[in-house]
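coordinates only, no sequence provided:
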RNA sequence: GGCCCCAUCGUCUAGCGGUUAGGACACCAGCCUCUCACGUUGGUAACGCGGGUUCAAUUCCCGCUGGGGUCACCA
């Protein structure tokens, strides 16, 4: 990818904000009717300042589900206006993560086959730093309407004012721009930022698709900086202008943006353009209740890929974390698309629970057809030094045996190991305990018993072995464990006869006689 | 601290005035069984507090408490 206007500095590990604010108003009337009239256009607008974390992935998922459910469009927009922190590597991480999850976008930047960066869709470009003329245009309009103004205050001026505020109130927080340049009439050609001219009275409100009606008094709002001194837009300007020019009909984003929404609405209103719907998703919390960070769990989407999770497992868990559909816990992708709605998105921050995640993931793993499980687990086998083709019939035969015993592909690969390693790795403890001289004699007999069983399949094997045991007055459990260790090297495995069947006659005999 | 948001088992949640407050994860016990899982049966476990409104509040309103978010020329 050569979307490279970031230089090659490496990504810092920055946690994308996905904070939370909640409310308890009744939901507004659904605007499904209106949405049905016009094309639904939603967007996922990450900033490329680190890996894509699961909170961001959940936001992307909900947007994607909504677009797919209603036949709308999902736009991917890269909010790279923080030049300090944005990296090309992070852009790639966003692409890779979304692609792995299978969350495809209809418009936005795409990696071209040549390895460069192309653009798909007609409302691009989709990198904010490539849209500077658009922001200049809108700033001029806002100033023309009296909704924004040039502010010549320097950083030092503001720092001084902040210090005074702190001295006076004893509080570092709560400083607000005093409005020094608000009514300034001379417009010298000096370095300046652009600020939003927030009305001094009145209130700004909207009916959030998740949180219901939210209202804020304008006097509690700041004259936020819209554009830096260097002409690069800040979040509120970039988001509002892009959502307008890209025709976004529903803005669904993290709950930490509730506070920015009034300012953005003010921009829409000043411009006289229709408002989109807003949906603010509660944040994902750590088990302790604080903001989830990498101290608590793997938070990068790609970490889960490496740990052998399934995209559908991740998506299923993320969907259920904060959204529900009655008592259903396990969903296919198609069901998610069919059943998702904003009405059943919860208003409370949800704690990340790895156990529940694993449960959901394990269920998704078990739903895979043997062929798919085989081809997906093959790379994880390779990581253990076992070169097995994903299409290997023996692998496909073994896959269903380990599926109910595994949560991730890593578990599955581990459980598959002895089918493909010759000789198997022995659990020394189990070997010492169970493969006694006495047991070995018995295993030799067992080998003889199964030697000519035809077909060499589980039912026939079980019948033959049981008949032999009965004749000798023995119970299966007396030979099962030694046999298991001889065949698999372990004290725990799938059923003995299934294992023998997959191993085949030759190898089963060899291992029993070893 | 200001502003904003939230509040049902430990966790994720169902509930949208009258329910034995349901499900799932986790946990405990039993069953199944060649081991380990899967599966299955049962169990422990919740409406934060105080006022209203109402014949009736988990549910509606207010306050309190608690938790969270946000107060940048970050997003």
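Looks like it arrived, so ask away. Bear in mind that the values here come from a model prediction, so they are computed numbers and not experimental data.

pLDDT value on residue A:41, please?
Confidence at residue A:41, expressed as pLDDT, is 98.

can you give me phi and psi for it?
Backbone torsions for residue A:41, taken as degrees, to the nearest 10, come to phi -130, psi 110.

kindly provide the distance from it to residue A:143.
Here residue A:41 is placed at a distance of 28 Å from residue A:143 (C-beta to C-beta, to the nearest Å). C-beta: built from backbone N, CA, C; applies to glycine.

quick check: residue A:421 vs residue A:409, distance?
Taking C-beta to C-beta as the measure, residue A:421 falls 17 Å from residue A:409.

which of residue A:41 and residue A:143 has more neighbours?
Comparing residue A:41 with residue A:143 by other C-beta atoms under 10 Å, the one with more neighbours is residue A:41, at 21 against 16.

ok, the more buried one to residue A:79 distance?
In this structure, residue A:41 lies at 17 Å from residue A:79, with C-beta to C-beta as the measure.

name the helix or strand for the closest residue to residue A:461 other than its chain neighbours, please.
If you skip the residues right next to it in sequence, residue A:461 has residue A:497 as its closest partner in space, 4.5 Å away by C-beta to C-beta, 6 or more residues apart in numbering. In this structure, residue A:497 sits in helix A:496-503 according to DSSP states H and E.

got the contact list for the residue most central in space within chain A?
Against the mean C-alpha coordinate of chain A, by C-alpha atoms, centre = their mean, the closest residue is residue A:57 at 3.0 Å. If you count contacts by C-beta atoms under 8 Å, 6 or more residues apart in numbering, residue A:57 has them with A:97-98, A:101, A:103, A:301, A:314, A:318.

gap between it and residue A:51?
Looking at residue A:57 against residue A:51, where the rule is C-beta to C-beta, the gap reads 10 Å.

what of residue A:179?
The span separating residue A:179 from residue A:51 equals 40 Å under the rule C-beta to C-beta.

who has more neighbours, those two?
Here residue A:179 and residue A:51 are compared on neighbour count by other C-beta under 10 Å; more neighbours surround residue A:51, at 24 against 17.

which non-adjacent residue is nearest the more buried one?
Distance criterion C-beta to C-beta, 6+ apart; nearest residue to residue A:51, sequence neighbours excluded, is residue A:300 at 3.9 Å.

surely the one you found touches residue A:56?
No. Under the criterion of C-beta atoms under 8 Å, residue A:300 makes no contact with residue A:56, lying 9.9 Å away.

re earlier: so which of the contacts of residue A:57 sit within helices?
With helices identified by DSSP state H, the entries of the contacts of residue A:57 that belong to them are A:97-98, A:101, A:301, A:314, A:318.

ok, the closest residue to residue A:231 other than its chain neighbours to RNA strand B distance?
With C-beta to C-beta, 6+ apart as the criterion, residue A:231 has its nearest non-adjacent residue at 6.5 Å, and that residue is residue A:132. Shown here: residue A:132 relative to RNA strand B, a distance of 12 Å by C-beta to the nearest atom of the strand, to the nearest Å.
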